[in-house]
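J.: Okay, structure incoming, though there's no sequence with it:
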């Protein structure tokens, strides 16, 4: 069996894959940060001079993050930003990405909502790090959901590992994640 050769093409491919992963990681810092109300994590997805056009709000990164976390805290008890299809075009230290999103929110008043659309992003690599430099959120639809009629005893089992917390007390921050002892 022949050994793999470290060719210039292979080096370029590995660098492209690393760039794509670093861009995806920035995207995940955004979604996790907004859902956990972790301002620092959310901001780490953006360059400080980045601009976000979300339709319902827009502004430089810090102002937008403050608005988004504040809005979700005021109007929803929990929410999830889910990303799906994600394509990236690399061009040196600039990249253009399109990412489809689904958003679910448990509203304080009224039924839950499901929204969807796309993030159109320009990422820039500065000092070896990729972050969002400009975002346009294309909101494409929103609906109200009818909650499922689930028996209370089943709900108790479903939610015993929660509840969803929108801060650093959420289980997703537990390090190390260990199984709690069960009573004998």
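T.: Cool, the structure landed. Small disclaimer: the values here were computed from a predicted structure and weren't measured. Residues are numbered from 1 along each chain as shown.

J.: show me the biggest helix of the protein in terms of residues.
T.: helix 8-36 (DSSP state H).

J.: Next, the buried residues of that one.
T.: 19-20, 22-24, 26-27, 29-36 (16 or more other CB atoms under 10 Å). All C-beta spots, glycine's among them, are computed from the backbone N, C-alpha and C.

J.: Which helix or strand lies directly C-terminal to that helix?
T.: Following helix 8-36 in sequence order, the next helix or strand is helix 39-43 (DSSP states H and E).

J.: which residues sit against that following helix?
T.: For helix 39-43, the external contacting residues (CB atoms under 8 Å, 6 or more residues apart in numbering) are 29-30, 32-34, 61-62, 65-66, 68-69.

J.: How far away from the center of its chain is it?
T.: Distance, stretch centre to chain centre, for helix 39-43: 11 Å (CA atoms, centre = their mean, to the nearest Å).

J.: go on, stretch 22-41?
T.: 5 Å.

J.: repeat for stretch 158-171
T.: The answer for stretch 158-171 is 17 Å, by CA atoms, centre = their mean.

J.: end to end, how far does it reach?
T.: 15 Å (CA to CA, to the nearest Å).

J.: for it, what is the average pLDDT?
T.: For stretch 158-171, mean pLDDT rounds to 81.

J.: Can you pull out the residues in contact with that stretch?
T.: The contact list for stretch 158-171, computed with CB under 8 Å, 6+ apart, reads 35-38, 72-73, 78, 150, 177.

J.: Report the buried members of those.
T.: Buried, going by 16+ other CB under 10 Å: 35-38, 72, 78, out of the contacts of stretch 158-171.

J.: Let me have those residues in a markdown table, extended by pLDDT.
T.: A markdown table is the format used below for the buried ones among the contacts of stretch 158-171 (pLDDT from 0 to 100):
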| residue | pLDDT |
| --- | --- |
| 35 | 97 |
| 36 | 97 |
| 37 | 97 |
| 38 | 98 |
| 72 | 97 |
| 78 | 93 |
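
J.: Closest one of those residues to residue 97?
T.: Closest approach to residue 97 among the buried ones among the contacts of stretch 158-171 (CB to CB): residue 35, at 19.6 Å.

J.: Hmm, residue 82 and the closest one touching each other?
T.: No: counting by CB atoms under 8 Å, residue 35 sits too far from residue 82 to count as a contact (9.5 Å).

J.: picking up where we left off before, could you single out the nearest of the buried ones among the contacts of stretch 158-171 to residue 125?
T.: residue 38 (23.5 Å).

J.: which residue sits closest to that closest one in space, ignoring its chain neighbours?
T.: residue 168 (6.6 Å; CB to CB, 6 or more residues apart in numbering).

J.: What distance do you get for the one you found to residue 64?
T.: For residue 168, the distance to residue 64 equals 21 Å [CB to CB, to the nearest Å].

J.: now swap in residue 82 and tell me
T.: 20 Å.
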